[in-house]
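Visitor: let's see this in three dimensions:
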Amino acid sequence: MLAASTTKKAKTVASGWSWTLLDDATKYVPASVNFQQEAKVTASLPDDATLLDFVKLYFTEQVIDLVVMQTNRYAEQYITSHVLPPHSSINRWHPTDRDDMYTFLGLSILMGIVYKPRLAVYWSSNKLYESGIFSETMQRDRYLLLQRFFAFRG
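Guide: Residues are numbered from 1 along each chain as shown. Predicted coordinates for the structure are as follows:
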């Protein structure tokens with residue numbers, strides 16, 4: 001088990017915090033944090049807020065640009081270092097951009113709210129499973145490619 005501590009026993013991570021390996025017998029109890037303010041969303045959203053408006057609350061353009069750059073880099077490295085069969089969906093890869101990534105992340109978040117038994121079912125036209133927002137927003141194969149190469153490093 002790892003626990004954050006303010007001691008100098010382990011590698012410093014940031015601002016004086018470090019990670020220390022605890023043995024199995026050690027019980028770590030995190031410090032109690034007393035929040036003094038009311039829990040609420042303080043960002044302003046339009047009355048007709050879209051999924052994108054909510055995604056942008058969590059992912060700034062700078063973060064998205066980093067993810068786009070790293071995802072494109074990873075895809076390029078993978079494609080140039082592998083022999084791909086002619087029928088591989090990877091052959092249809094084209095670089096992503098900010099809009100594409102916001103869409104991918106928005107749909108990924110929505111998948112946590114709208115549960116389906118398998119990933120492909122989100123794009124199903126079967127009346128039992130149909131959720132038009134997925135197929136109307138991004139093609140399934142594009143989503144799967146972005147998922148395959150999704151990467152970010154600081």
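Visitor: which stretch of helix or strand covers the most far-flung residue of the chain relative to its centre?
Guide: Going by CA atoms, centre = their mean, the residue of the chain most distant from its centre is A25, 34.8 Å out. Under the criterion DSSP states H and E, no helix or strand holds A25.
Visitor: pLDDT on the helix or strand encompassing K56, on average?
Guide: Using DSSP H and E, K56 maps to helix 51-58. On average, the pLDDT along helix 51-58 is 82.
Visitor: give the other helices and strands that that helix contacts.
Guide: For helix 51-58, the packing partners by 3 or more CB pairs under 8 Å, 6 or more residues apart in numbering; DSSP states H and E come out as helix 98-113. Placement of C-beta: from N, CA and C, glycine included.
Visitor: other residues contacting the following helix or strand past the helix it packs on?
Guide: Sequence order places helix 132-137 as the next helix or strand after helix 98-113, per DSSP H and E. Applying CB atoms under 8 Å, 6 or more residues apart in numbering, the external contacts of helix 132-137 come out as 103, 106-107, 110, 122-123, 125, 140, 143.
Visitor: where does this protein dip in pLDDT?
Guide: Under the criterion pLDDT under 70, the flagged ranges of the chain are 1-17, 154.
Visitor: I'm done for today, thanks for sticking with me.
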